[in-house]
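Visitor: Predicted model, plus sequence, below.
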Amino acid sequence: MGLYSSFIGRKFKHIAGKKYEDIIKHYREFLLTEEERHIPEIHSILMPLDRYVKNVPEEVYETISAYEARILLVYILDSQVFELVRQTLSPEASEEFRRKEEVMGEELLNNVAKKLESYGLKVQRRMFFGNKSDDVIRMAENYDMLAISKNYGSEITKTSPLSPLVLKIIQHLEIPVIVY
């Protein structure tokens, strides 16, 4: 019998009697097992950024700094968006949009990297064209944790507190995720 099972057993032994076993059986998926309570070691963190990530809360920096891990900040420029701009407007408009996006990306990467480095963390930066969700899922396989903004990929709304891309990414990963 695990630690939580013994806590629940003592708590409800006078109230629920033998119904405790039924409670454990029906709510097993909501209770942590002994194995699940093991805290994984985090040596590397992937942190994707894009134009929708306006700022990173101070609490995220503090939490990440507790792991003393190496961090990869990645700014993915959505190649499909640039292709749409090129097809609908012009190649010149697409090029201008790309230049502005790269400047914005470099500024965000530098700001977040400086803040993380101020906590004594080793930070790498990377910017490339690709698919924002598929590339993050693929890259996350080589990392111990993902730290991602709830706005990553699109703005959030009152009806959707997470962007659809974040939801897709989280559903495909088996590593711990910090959503801020």
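Guide: It's in. Small disclaimer: the values here were computed from a predicted structure and weren't measured.
Visitor: show me the residues around the closest residue to residue 57 other than its chain neighbours that make contact.
Guide: Nearest residue to residue 57 in three dimensions, chain neighbours excluded: residue 180, at 5.7 Å (CB to CB, 6 or more residues apart in numbering). For the C-beta atoms, the positions are set from N, CA and C on the backbone; glycine is no exception. Counting by CB atoms under 8 Å, 6 or more residues apart in numbering, residue 180 touches 56, 57, 59, 60, 147, 148, 149, 150.
Visitor: and these, which of them are in strands?
Guide: Counting by DSSP state E, the part of the contacts of residue 180 found in strands is 147, 148.
Visitor: Could I get the contacting residues of residue 149?
Guide: Applying CB under 8 Å, 6+ apart, the residues near residue 149 are 49, 52, 53, 56, 166, 179, 180.
Visitor: can you count the residues close to the residue lying closest to the first one once chain neighbours are set aside?
Guide: Excluding its sequence neighbours, the residue lying closest to residue 49 (CB to CB, 6+ apart) is residue 75, at 5.0 Å. Using other CB atoms under 10 Å, residue 75 is surrounded by 23 other residues.
Visitor: Check for me that residue 75 belongs to a strand.
Guide: Yes - when classified by DSSP: H, G, I helix; E, B strand; the rest coil, residue 75 is found to be part of a strand.
Visitor: Please shift the residue numbers so they start at 39 in all later answers.
Guide: Understood, numbering begins at 39; the last thing we discussed is residue 113.
Visitor: picking up where we left off before, can you read off the pLDDT for the residue nearest to residue 95?
Guide: At residue 218 the predicted local confidence, pLDDT, stands at 93.
Visitor: can you check residue 60 too?
Guide: For residue 60, pLDDT reads 73.
Visitor: Where does it fall, secondary structure wise?
Guide: According to DSSP states H and E, residue 60 maps onto helix 57-64.
Visitor: Residue 216 now?
Guide: Per DSSP H and E: strand 215-217 holds residue 216.
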